[in-house]
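*Asks:* Here you go, sequence then predicted model.
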Amino acid sequence: MKTLNNTLGIALLSVSVVLSACGGGGSGNSTSNSGINWPASASWPVTPTPPSPPVDASNTVPIVVDTSMAGVNQPSVTVTLCPPGAADNSQCVTVKNMLVDTGSVGVRVASSALPSALKAQLLTQAGATDDTVGSAPIVQCALFASGYVWGPVKRADVTIGSKKASNIPIQVIGDGGYTTPADCISRGGPNLSPLLGSNGSRAFNGIVGIGHSVRDSSAAVKSLIPAGYYYCSSTNSCTSTRMPLAKQVMNPVAAFATNNNGTIIRLPALPAGGQASVTGQLIFGVGTQSNNALPTNPNIVPVDGNGFFTTQYQGRVIINSAIDSGTNGYAFSDSTIPTTGEWYAPSSVLGLSATMEATNGTSKPIMVPFSIGNAGNVMSSGYAAYDNVGMYLSSLPVYDVISNNMLSEEGFLWGLPFFYGRSVYTVLENTKVGSQAGPFVAF
């Protein structure tokens with residue numbers, strides 16, 4: 001990923017998985033991606049979801065928001081993982097409850113969700129830049145806004161619906177094979193790995209990162225990123241390393257043979273008070289066939305190499321902004337709104353607005369209204385989907401290439417509530433949709 005203003009870049013992946021609250025009603029400091037459980041009645045009219053073309057199974061899979069992920073506003077899909085080049089499906093496993101995350105890049109699956117036989121057949125990724133021997137396993141500390149996950153990089157065939165990404169690097173989270181380095185622990189915040197795949201039928205089994213980048217860190221190609229990639233010469237010896245792009249965890253959509261330039265998340269509008277569960281569509285490709293064309297007059301926001309644009313909110317210019325399905329509420333800083341833990345809890349529903357624009361000033365500003373309700377009251381229903389919940393976001397981790405250290409910067413995350421009643425287009429870098437070059441987000 002490219003740096004921000006030539007000095008700052010997002011820590012490693014994205015901001016999304018870290019800001020979620022596990023379970024309903026929660027208080028602050030929750031550590032799992034997005035969530036599921038909040039009713040919300042918007043104080044501004046929700047634009048009806050436009051009529052959808054018939055579902056085309058060749059590039060569409062269901063996306064579900066329900067309570068099976070043990071949180072609120074957590075969109076999930078089902079993924080099939082196989083050893084690279086597996087001759088038949090007997091060697092594969094189907095993993096449910098994989099978070100759909102437009103704010104990060106790469107498939108990251110809980111070790112506990114994989115059978116031992118399959119884990120033994122997934123190819124170990126080796127060949128880190130600074131590994132002089134060239135055969136030490138590659139392991140990653142993946143940082144998110146609310147914590148980190150640690151685990152080896154393997155190679156697998158990844159199938160989502162009818163689309164297959166062959167022999168791509170993925171991360172297996174929490175397999176216990178390598179001791180977590182001290183700089184990962186000190187910079188990463190809470191360890192999110194134990195939260196994955198450990199709740200039986202209510203399990204959050206991993207992340208499908210479908211953000212704007214093909215690989216997760218262009219900075220790691222040339223720099224030793226703190227709490228980044230490592231090569232592990234033994235169980236207790238892991239050394240920070242630079243990493244070639246080809247060895248990095250990658251966006252599965254970019255590896256599809258067709259419909260590989262981006263995605264659309266299409267979710268219905270919610271009734272007042274939220275909804276027990278929601279089913280929508282995850283559509284692959286943008287402008288590649290009849291069911292994924294951009295609308296006639298889309299709102300288009302170009303993003304930088306980190307997937308960021310600028311949000312102007314109450315006179316503040318916030319350059320670290322993203323539309324992020326992996327965050328389960330509107331996440332931003334506003335000290336005038338009362339909170340319960342990290343969740344906003346105003347006495348009555350607030351009708352707010354902010355303006356989106358490209359950080360480089362190349363797009364017209366788009367004013368977007370949104371509402372914030374009292375999360376404690378809204379989530380008391382125990383539902384999975386709500387469109388007016390928000391949380392206080394003090395800062396996001398960013399990497400300073402000059403000091404080679406992690407810093408904190410103000411951020412604004414337009415989480416899953418933004419997606420209800422819309423079709424949200426995430427277009428990858430180095431692609432085009434008509435005359436519009438990616439990366440950009442549209443709705």
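*Replies:* Nice, I can see it. For clarity, every value in this text was computed on a predicted model and none was experimentally measured.

*Asks:* buried ones in the lengthiest strand in the chain?
*Replies:* The residue-count maximum for a strand in the chain (DSSP state E) belongs to strand 147-160. Neighbour-count burial for strand 147-160 flags 147-160 (criterion: 16 or more other C-beta atoms under 10 Å). For the C-beta atoms, the positions are set from N, CA and C on the backbone; glycine is no exception.

*Asks:* Next SSE downstream of it?
*Replies:* strand 163-173 (DSSP states H and E).

*Asks:* hey, C-alpha coordinates of stretch 310-325 in CSV?
*Replies:* What follows is stretch 310-325, C-alpha atoms only, in CSV (Å, rounded to 0.1, in the frame of the first residue of the first chain):
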residue,chain,number,x,y,z
THR,A,310,-11.2,12.3,3.1
THR,A,311,-14.3,12.9,5.3
GLN,A,312,-15.1,16.4,6.5
TYR,A,313,-17.1,16.2,9.7
GLN,A,314,-18.0,19.2,11.9
GLY,A,315,-15.2,21.3,10.4
ARG,A,316,-12.5,18.6,10.7
VAL,A,317,-10.7,17.2,7.7
ILE,A,318,-10.1,13.4,8.3
ILE,A,319,-7.9,11.9,5.6
ASN,A,320,-7.9,8.4,7.1
SER,A,321,-11.5,7.5,6.0
ALA,A,322,-12.9,4.3,4.6
ILE,A,323,-16.2,2.7,3.7
ASP,A,324,-15.7,-0.6,5.6
SER,A,325,-18.1,-3.5,5.8
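
*Asks:* Closest one to Ala345 out of the buried residues of strand 147-160, please.
*Replies:* Taking C-beta to C-beta as the measure, Ala345 sits nearest to Gly147 out of the buried residues of strand 147-160, at 23.3 Å.

*Asks:* on that earlier part again, want to throw the buried residues of strand 147-160 into JSON lines with distance to Ile138?
*Replies:* Rendered in JSON lines, the data for these read as follows (distance: C-beta to C-beta, whole Å):
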{"residue": "Gly147", "distance to Ile138": "21"}
{"residue": "Tyr148", "distance to Ile138": "16"}
{"residue": "Val149", "distance to Ile138": "15"}
{"residue": "Trp150", "distance to Ile138": "12"}
{"residue": "Gly151", "distance to Ile138": "10"}
{"residue": "Pro152", "distance to Ile138": "7"}
{"residue": "Val153", "distance to Ile138": "4"}
{"residue": "Lys154", "distance to Ile138": "9"}
{"residue": "Arg155", "distance to Ile138": "10"}
{"residue": "Ala156", "distance to Ile138": "14"}
{"residue": "Asp157", "distance to Ile138": "19"}
{"residue": "Val158", "distance to Ile138": "18"}
{"residue": "Thr159", "distance to Ile138": "23"}
{"residue": "Ile160", "distance to Ile138": "24"}
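
*Asks:* Could you let me know which of those residues ends up closest to Ile318?
*Replies:* Out of these, the member with the shortest distance to Ile318 (by C-beta to C-beta) is Gly147, at 22.1 Å.
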